[in-house]
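S.K.: Coordinates only, no sequence provided:
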């Protein structure tokens, strides 16, 4: 069975954000504006996205 993947793009800057949010972006593989990564759709990844939802978007 194929694993569902999410494509995530960073839309906000981590400047002047709490260190926890910066570390979450790095954990997602994002650290510069407009970068995109493709990650497996798991509850852990969804939780990380939820904690920085103001700085990322899910691309279709």
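M.R.: Done, it's in. All figures in this text were calculated on a predicted structure; none of them were measured in a lab. Residues are numbered from 1 along each chain as shown.
S.K.: All the strands of the chain, residue numbers only.
M.R.: 5-10, 36-40, 56-59 (DSSP state E).
S.K.: what comes up buried for the longest one?
M.R.: Translated: strand 5-10. 6, 8, 10 (16 or more other Cβ atoms under 10 Å). For glycine as for every other residue, the C-beta is placed from the backbone atoms N, C-alpha and C.
S.K.: circling back to that earlier point, columns mean pLDDT and distance to residue 25 on top of the strands of the chain, output as JSON lines?
M.R.: Conversion of the strands of the chain to JSON lines gives the following (pLDDT from 0 to 100; distance: least, Cβ to Cβ, whole Å):
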{"stretch": "strand 5-10", "mean pLDDT": "97", "distance to residue 25": "7"}
{"stretch": "strand 36-40", "mean pLDDT": "97", "distance to residue 25": "10"}
{"stretch": "strand 56-59", "mean pLDDT": "96", "distance to residue 25": "8"}
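S.K.: out of those strands, nearest to residue 22?
M.R.: strand 5-10 (11.4 Å; Cβ to Cβ).
S.K.: partner strands of the closest one, parallel or antiparallel?
M.R.: Strand 5-10 sits in its sheet next to strand 36-40 (antiparallel), strand 56-59 (antiparallel), going by DSSP bridges.
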